[in-house]
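Chemist: sequence below, structure please.
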Amino acid sequence: MSRIFDALSDGDNDSDARKAIVPFGVVEEKPPAHITAVRTIVPNEEKTTVPPRSPFIGELGGPTHNARKYMILAFALLALAFLGTGYALRAGPGGLDNGKQAYGVAFEGTIRPSSEIRITAESLGTVSKILVKVGDAVQKGQPLIRMDDREARLELKRATMELDAAQNSFSNFRAPLADLNARVAISQRREQQVPTRQFRDSPERAQATYDEAVVNHNRAKQLYETGLISKQEMDVKETELRIAQDDLTNAKNFASAAATVKDAQSEQADLQARASHEELRAQIDELELKHEEAERRVEAMEVRATEPGVIAEVSVGLGDRVPGGTLLVRMAQLSRMVAAVPVAATMISQLRVGQFAMVQVPSSPPQQVEGKIRMISPLPSANMTHLIEIEFENETRLLLAGQPTEVRFVKP
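Modeler: Numbering: from 1, shown residues only. Have a look, this model is predicted:
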């Protein structure tokens, strides 16, 4: 300001000098009768010098005009200074409305949704109806696209018939038949194990024969000692006793082995019966899974929103034949947004995941919202900057995706 007023003072002094020193004199002469007046300008005799112009005085306009112009400029500068001071005082320390300290550098970036939902076709099908358009807000479970379900319903009907037939067969015929076969096998084995006189003796019969042989042997021995029977008859009784004793031992061993075989065969028959049941049950379970899969395919013919959001893209048209896995609809959740900004590598060491940041939202009027760092790229790009994502709430569901923004990181 002092320079401006000095320049104005110099301009006034120069104007006085210009008035005092004029290189030409003005001489008035009396004109003839037919001429009203004549003014003649003649050069002064003394040598004059013109002082240099002040750099603050323009080519056009006099000193008064220039002074007014610079006074207006000075007042404008003072007004801007007062406005800047007022904003800084209102914003608090560090220039943030919440009073937190922030780094002095603002980083430019782009806003995008915090998460996107891609809904794809579960199986091969034909698009028969599209129920939404781009920009529609949808709720969880709301139908989006219908596919032609004639093939899926036919497959479901076939699976239902197969399952009903298997269940009826299991409950009415095949399961009782398996139990009956097992019981018949056990009965046949038991019948084969009944002792017969032609093939083998039971332990009880062998025991009775042995007891009788012992009695006969003892009686013969007494008679032999008294001399009533011969040595030959005594030897016959001893032989009969040994045979009876051997038969008793064999009968007991056979009975024990037969009991073991009986138990093993019974257990085998039971296992076979259970195996038949399990095999039938496994077949029914497989058919039940096939039936459930057919039902799910029918339900999948109506594509529904898995989460609430806004339709960002519809990738198919009516009549399109799409295979499984084809993208049908892309949705965006606008409740939370992300500001992606590149940050110089020199500042990365000062930032942490979860650290607060202030995001300039391009609304009308512009506003700042608080967010948190959710991701810091560990590897720099070609220009030695790291991509940082700041997540913040978008409670009013403003359409901010793709818009530029400025981010200032809050000091921890």
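Chemist: use CA for all of it now, contacts and neighbours both
Modeler: OK.
Chemist: flag every buried residue along the longest strand anywhere in the chain.
Modeler: The longest strand of the chain (DSSP state E) is strand 327-344. Across strand 327-344, burial judged by 16 or more other CA atoms under 10 Å covers 327-343.
Chemist: quick one: the helices in the stretch 101-250 of the chain?
Modeler: Ranges of helices within the stretch 101-250 of the chain are 150-169, 175-192, 203-226, 231-300, based on DSSP state H, counting those that start in this stretch.
Chemist: least reliable of those helices by average pLDDT, please.
Modeler: Here the lowest mean pLDDT among the helices of the stretch 101-250 of the chain goes to helix 175-192, at a mean of 62.
Chemist: want to try TSV for the helices of the stretch 101-250 of the chain, with mean neighbour count and distance to residue 77 as columns?
Modeler: Formatted as TSV, the helices of the stretch 101-250 of the chain follow (neighbours: other CA atoms under 10 Å; distance: least, CA to CA, whole Å):
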stretch	mean neighbour count	distance to residue 77
helix 150-169	15	77
helix 175-192	14	101
helix 203-226	16	130
helix 231-300	16	69
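Chemist: among the ones you listed, which is nearest residue 140?
Modeler: Closest approach to residue 140 among these (CA to CA): helix 231-300, 15.0 Å.
Chemist: tell me which helix or strand comes right after the closest one.
Modeler: Remark: after helix 231-300, the chain's next helix or strand is strand 302-304, criterion DSSP states H and E.
Chemist: what's the domain layout of this protein?
Modeler: Under the assignment automatic domain parsing, the domains of the chain span 2-89, 93-148+309-409, 151-300.
Chemist: distance between the ends of the last one?
Modeler: With CA to CA, to the nearest Å as the measure, the ends of domain 151-300 fall 12 Å from one another.
Chemist: and the residue nearest to residue 247 when sequence neighbours are not counted, what does it touch?
Modeler: Closest residue in space to residue 247, ignoring its immediate chain neighbours: residue 206 at 6.0 Å, by CA to CA, 6 or more residues apart in numbering. Listed by CA atoms under 8 Å, 6 or more residues apart in numbering, the contact set of residue 206 reads 244, 247, 248, 251.
Chemist: same question for residue 108.
Modeler: For residue 108, the contact set (CA under 8 Å, 6+ apart) comprises 341, 342, 404, 405, 406, 407.
Chemist: how far away is it from residue 361?
Modeler: According to CA to CA, residue 108 and residue 361 sit 12 Å apart.
Chemist: what do these two both touch?
Modeler: Common neighbours of residue 108 and residue 361 (CA under 8 Å, 6+ apart) are 405, 406.
Chemist: hmm, back to that, for the longest strand of the chain, C-alpha coordinates in CSV please.
Modeler: Output of strand 327-344 as CSV, limited to C-alpha atoms (Å, rounded to 0.1, in the frame of the first residue of the first chain):
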residue,chain,number,x,y,z
LEU,A,327,-23.3,-60.9,-16.2
LEU,A,328,-27.0,-59.9,-16.1
VAL,A,329,-27.2,-56.8,-13.8
ARG,A,330,-24.6,-54.7,-12.1
MET,A,331,-25.7,-52.9,-8.9
ALA,A,332,-24.1,-50.2,-6.8
GLN,A,333,-24.6,-49.4,-3.1
LEU,A,334,-24.7,-45.6,-2.7
SER,A,335,-25.0,-45.6,1.1
ARG,A,336,-21.2,-45.7,1.3
MET,A,337,-18.8,-44.2,-1.2
VAL,A,338,-15.0,-44.3,-1.7
ALA,A,339,-12.7,-41.5,-2.7
ALA,A,340,-9.7,-42.9,-4.6
VAL,A,341,-6.7,-40.5,-4.5
PRO,A,342,-3.0,-41.0,-5.6
VAL,A,343,-0.6,-39.9,-2.9
ALA,A,344,3.1,-39.2,-3.2
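Chemist: show me what it is packed up against.
Modeler: strand 107-120, strand 309-314, strand 385-393, strand 404-409 (3 or more CA pairs under 8 Å, 6 or more residues apart in numbering; DSSP states H and E).
Chemist: state the distance from residue 310 to residue 138.
Modeler: For residue 310, the distance to residue 138 equals 6 Å [CA to CA].
Chemist: grab the nearest non-local neighbour of residue 137.
Modeler: Residue 137 sits nearest to residue 310 (CA to CA, 6+ apart), 4.4 Å away.
Chemist: touching, that neighbour and residue 332? I think so.
Modeler: Yes - Residue 310 is within contact range of residue 332, at 5.3 Å (criterion: CA atoms under 8 Å).
Chemist: buried sites along stretch 305-318?
Modeler: Neighbour-count burial for stretch 305-318 flags 305, 306, 308, 309, 310, 311, 312, 313, 314, 316 (criterion: 16+ other CA under 10 Å).
Chemist: now for those residues, which pair is the farthest apart?
Modeler: By the measure CA to CA, 308 and 316 form the most distant pair in these, at 20.5 Å.
Chemist: now do the same end-to-end measure for stretch 374-388.
Modeler: Separation of the first and last residues of stretch 374-388 by CA to CA is 8 Å.
Chemist: so which bits of it are buried?
Modeler: Neighbour counts over stretch 374-388 (16+ other CA under 10 Å) mark 374, 376, 385, 386, 387, 388 as buried.
Chemist: who's the fifth one bridged to?
Modeler: This points to residue 387. residue 342 (DSSP bridges).
Chemist: now swap in the one 5 residues further on and tell me
Modeler: Residue 392 has the following beta-bridge partners by DSSP bridges: residue 337, residue 371.
Chemist: cool, and residue 404?
Modeler: residue 110.
Chemist: now do the same contact list for residue 367.
Modeler: Contacts for residue 367 (CA under 8 Å, 6+ apart) come out as 360, 361.
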